[in-house]
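Chemist: Please find the sequence and the predicted model below.
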There are 2 protein chains.
Amino acid sequence: MNKTENKVLAFIKANHLVSRGSEVIVAVSGGADSVGLLHILHNISSELDISLHVAHLDHMLRGEPSRQDAEFVKKLADRLCLPATLGLEDVSAYRQQHRLTLEEAAREVRYKFLEEVVKATGATCAAVAHTMNDHVETVLLHLLRGSGLTGLAGLQAKSVLRYKRVGPLTLIRPLLCLNRGDIEEYCRDSNIEFRNDASNESLSFTRNRIRRKLLPSLRQDFNPSIDEALDRLSKLAVEEVDFKNREAAKASESIIRTEGPLVKIDRKGYLGLHPALKRALLRQALVSVLGSPKDIEAVHIEKMVDLAEGETGRSVNLPDGINFISSYSELVLGRDVSADIPLPEITGTYAINVPGVTEMPGWNITASVIEYGPDLITGKENDGFSQLFDFDAVGSELKVRTRKPGDRFIPLGEVAEKSVKDYFIDAKVPRLWRPRVPVVVNHGQIVWLAGYRLDDRAKVTPATKNVLKLVFRPQSTILPV
Amino acid sequence: MNKTENKVLAFIKANHLVSRGSEVIVAVSGGADSVGLLHILHNISSELDISLHVAHLDHMLRGEPSRQDAEFVKKLADRLCLPATLGLEDVSAYRQQHRLTLEEAAREVRYKFLEEVVKATGATCAAVAHTMNDHVETVLLHLLRGSGLTGLAGLQAKSVLRYKRVGPLTLIRPLLCLNRGDIEEYCRDSNIEFRNDASNESLSFTRNRIRRKLLPSLRQDFNPSIDEALDRLSKLAVEEVDFKNREAAKASESIIRTEGPLVKIDRKGYLGLHPALKRALLRQALVSVLGSPKDIEAVHIEKMVDLAEGETGRSVNLPDGINFISSYSELVLGRDVSADIPLPEITGTYAINVPGVTEMPGWNITASVIEYGPDLITGKENDGFSQLFDFDAVGSELKVRTRKPGDRFIPLGEVAEKSVKDYFIDAKVPRLWRPRVPVVVNHGQIVWLAGYRLDDRAKVTPATKNVLKLVFRPQSTILPV
C-alpha cells in the first residue's frame, strides 16, 4: 500500500465512509480521477472489508469516443476482476424532456443511473471521484452565485443526494483528501492508464472558468493558499450551520407541531427567537413539508421571514404548491393550507347592538361607546379584531355581513377607493379565507374589514369626540381569546 | 433634501447611528467620498439634531499636495461654518518606530488622531466615508486572506475600533447604504468640489487589485450582482456569528469563572459543548484576557481547541505573553498562568509502601498488587494519576522524588531513551510545573512520571502475571479527587 492509498484509507476510516462487509458502487468515467479512485479502492478493499462494483454511464454525448470510454472501463473492471454495470442514456433527449441545461441533465441522468445500480446490487453507497479541487471550486462557485452559508459547505465526504427525480442516494467522496495533482501523480507512478475525460471539461462553463482562470489568478495575485483558505472557511461554515440547525431543531420541539399534512408554528414562540434561528427553523419546516431542500432558494426563506414578522391573516406561495400563512396565533405551512380557515362562517346579515353585545353564529361582538382620550388610542390590541372608530363618523346603525361583489372602501392611510377584491389580493389574504372576513357596514358603506383594515373615514382623529370600540370574539375556540 | 440625503438620513435612523444633541466628528480627507459625506451630514444635521466637527489629518506622505488637501478641507469647513481640527503626523516615522507596513501605520495614525479629536471635543463618535463598495471589497479581502466567518462581516454601520495603540473609538459609516458611484453622482449633481485622494489609492496593493481588477472581472464573468451576493453573505455571517456568540456567552456563565487575572474554564462543561460553541467560547475568553480581538488569529484559536481536547497538564503560548494551560479539571487562560500550579511541592525522596498506603507531604499514594485480568486494563482512569504496571518489571522497591538533571526514560510507546527535560518540553508541560511532577523510580530507574507518562519497560503486556496499581491522590484539594 503506497502513501496515497494510505491517505485515502485513513480518510475513509476517519469519516466512517463505509461499513465492513458492504458493497460499494464506484462511479468510473474513465478519466484520471475516477480510474485512480477505482485502483486505490481496489488496493485497500480487503483492509476495509468491502467489495466493489464498477458503474459507468455512456451519456451518448460524444459518439464514438463515448463508446470507447465505456469499453475502456469494462476492460479495466474485467482486469481487476470486478463486476461492472454499463449504462447508456440519451442525455440530449432527457434534457429536452425536462427542460434542463445540458449540465443539469447530465448530472441528473448520471446520479439516477448510480441510484439504480446501488438499488439493484444492494450496495450501501456510490463512491465518486471528487477531489479537494472540486470541493474548493464548488465553494467558490456557490460564493459567486450568492448562496448563503449552507452553500459554503461545498462537497462533503459523505452526503445524501436528493433531487426532484433522483434519490435518496448516498454518495461518498474518498478522494476529498487529495488534490487533482496527487491523483494524477498516483496514476503516473503506478502506470495506470486512463482516458481524457472530455465531457467533464466542457459541461459547465462557469466551473471551468473558475478552474482554469479564476483560481489560478487568485493563487497568483492574492493568496497562494487560497484553496486551504476556502476549505477552512467551508469547514467553519459547516460547523456553524450544524450548530444552528441543532439549536433550531431543539427550539422546534416546543414551537412546531405537525397536524396531518400541515406544519404549525407557534407565533409567539417564533417571534422570541434569534433571527438566525428563525431562518433555520423556517427552512427546516419547509424541508420537512417539501421532503427535500433541493428546490428551496434564499428568496423563499426571506418571503417566509417577512410574512412571519408582518401582520396576521396573510399568505405567500412557495415551491410545489406549498403555502405559508400567518394565522392568528400560528404560522401554518403546507399544501392547501388555506383550507384550515381560522374564521367562522357567516351567512346572512346581522345588526350590531351599539352599545351592547351581539351574538351571531360564530362571533360575539361587543360594542362600547367611550369618550375620547389619549389612553384609548394606546390601548390598541394587536390581533386585528379590536378596533376603535370615530363614533360620529360611523354611527350606531352598524351591520355585519361578508363581502359582496363590487364592495369598495378606502383602506386606512390611503386616499382613493379600492375594491375589496383588490385589497384582499394585495394584502395576500388567503383565497379561502376571504368569504369569511366579517365586513362591518354603515348603511351599505364599509367601515371595517374585521381582522384586516379600517376604512380611512372611520378612523379616530384628534377631532374625534366620541369613540366606538368594537371587539369581535369567536364563539368557537378557533381564534385565540 | 435630495434623494441621496434622504437615503443616508433613513439609514442613520434605522441603524441608530447618532443620538439627538450629540456631536459627531467627520473624518474628511478631501476626496469625493468624505467631502460628499460632510455635505450630506451637514444638510441633514438639523433633522438629526447633531452638530458636526471636521477632522483632517495630514499624513505628511505626499509633500505639497498633502498640505494642499489640508488647506482645502479647512476652507471647506469654514465655508460650512463648522469647527475643524487639522492634524499633522509623520506616518513614515511612526511606521519605522512600530515596524508596521505603510498601510497599517497610516491607518493607526489616522484612527489615533480621530480618537484624540473625539475625546477633545466630547463627541460621541467619528463618521467615516466608507461606502458599500468598501464593504464588499473588505468582505472579499478577508475571504481571500482566509479569515473565518467573523471576517466575512466586513464593515459595519457602527463599530467600536480597538487597536493595540488606539481606541476604543466608536466609528459610524453613514455611507454604507450608497455605492461609490452614488456619492460621485451626488457631488457632481450638487456641484461639490473635491480633491483626488491619491493616498487612498496607493496604500493597499491588495485592496486596489480587488477594486480595480478582481471585482470588475467577477461582475463581468461570473455574476453581475456579485456585490449584492457578497453583502448578503456578509449579513448572514454577522447574524450567524451573533447567534453563536450569544449562545457561547450563555454557556460561559456556568462554565467560565474569572479568578484575579486568570480565566478558568470547567473542562467537563467545555467538552460537552458543540464544536462551534467551543471555538466561540475560547475566543471570547481570549478576547477578555487580551482586552481586544485585534491580535487574535485563527491559528491561536486552533491551538487552544487542540490543547483543550488533548491530554491534561499541557500549555500553549498565545499573543501578548498569554498562556493557555489544560490543568486537571480546568482550562486556565492568562498571563503567568503556569504560576497557578496544581501540583503540590515535593522535597526529598519517599519510599512507597507496596502494597499499602504512603503518606508524603502533598500526596497520598495507594499501591495494590492484583492478578492480571482483562478487566484490569479497561478499568483505566483518565486523570493520569492512576497507573497499572507489570509488577515483576518494576518490583516493590519504589521511591518518589522530583526530576534530577540527566534523568532519562523510555516514554511509553517509544523505543529509545529520552531525557526527561526533552520530554517535558515536547509534551508542552508548563515550565513551572516540571519541578513538581512526581517521578517514580525503581533503584534509580524511572518507571513513571506521575500524571504524564509511563516508562515503556514498566507497561502491562499480555505476558504480565502480576499487576501493580499505583494511585496518587493529593492531600490538598488542588487536584480533583
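Modeler: Received the coordinates, thanks.

Chemist: going forward, measure contacts and count neighbours with C-alpha atoms only.
Modeler: Will do.

Chemist: In the stretch 151-300 of chain A, which residue sits closest to chain B?
Modeler: A:Ala229 (4.2 Å; C-alpha to the nearest C-alpha).

Chemist: quick check, that residue in a strand?
Modeler: No - assignment of A:Ala229 by DSSP: H, G, I helix; E, B strand; the rest coil gives helix, placing it outside any strand.

Chemist: my guess is it contacts B:Leu141, does it?
Modeler: No - A:Ala229 is beyond contact range of B:Leu141, at 11.9 Å (criterion: C-alpha atoms under 8 Å).

Chemist: dump the residue contacts of the residue positioned nearest the centre of chain A.
Modeler: By C-alpha atoms, centre = their mean, chain A has its centre lying nearest to A:Ile296, at 2.8 Å. Each residue near A:Ile296 by C-alpha atoms under 8 Å, 6 or more residues apart in numbering or on different chains is listed here: A:287, A:319.

Chemist: And it, what's its pLDDT?
Modeler: On the pLDDT scale, A:Ile296 is placed at 82.

Chemist: cool, A:Lys404 as well?
Modeler: 93.

Chemist: Give me the phi and psi angles of it.
Modeler: Main-chain torsions, A:Lys404, degrees, to the nearest 10: phi -120, psi 150.

Chemist: For burial, what's the neighbour tally of it?
Modeler: Counted with other C-alpha atoms under 10 Å in any protein chain shown, the neighbours of A:Lys404 add up to 11.

Chemist: repeat for A:Ala10
Modeler: Neighbour number of A:Ala10 under other C-alpha under 10 Å is 14.

Chemist: and the gap between the residue of the stretch 151-300 of chain A closest to chain B and B:Glu239?
Modeler: 22 Å (C-alpha to C-alpha, to the nearest Å).

Chemist: Looking at these two, which has the bigger crowd around it?
Modeler: Neighbours per residue (other C-alpha under 10 Å) separate A:Ala229 from B:Glu239, with A:Ala229 holding more: 20 against 17.

Chemist: residues in contact with that one?
Modeler: B:143-147.

Chemist: So the residue nearest to the centre of chain A: helix, strand or coil?
Modeler: Looking at A:Ile296 with three-state DSSP, the answer is coil.

Chemist: Now do it against B:Ser51, distance only.
Modeler: Counting by C-alpha to C-alpha, the gap from A:Ile296 to B:Ser51 is 48 Å.

Chemist: Residue ranges in chain A under the pLDDT threshold?
Modeler: Low-confidence segments of chain A, defined by pLDDT under 70: A:197-203, A:338-339, A:373-383, A:476-481.

Chemist: Quick check: residues of it near chain B?
Modeler: Residues of chain A lying close to chain B (C-alpha under 8 Å from any C-alpha of the partner chain) are A:143-149, A:206, A:218, A:222-223, A:226, A:228-230, A:232-233, A:236-237, A:239-240, A:243-244, A:274-277.

Chemist: Please, a ChimeraX command that selects the buried ones among those residues?
Modeler: To isolate the buried ones among those in ChimeraX, judged by 16 or more other C-alpha atoms under 10 Å in any protein chain shown, type:
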select /A:143,144,145,146,147,148,149,218,222,223,226,229,230,232,233,236,237,239,240,243,244,275,276,277
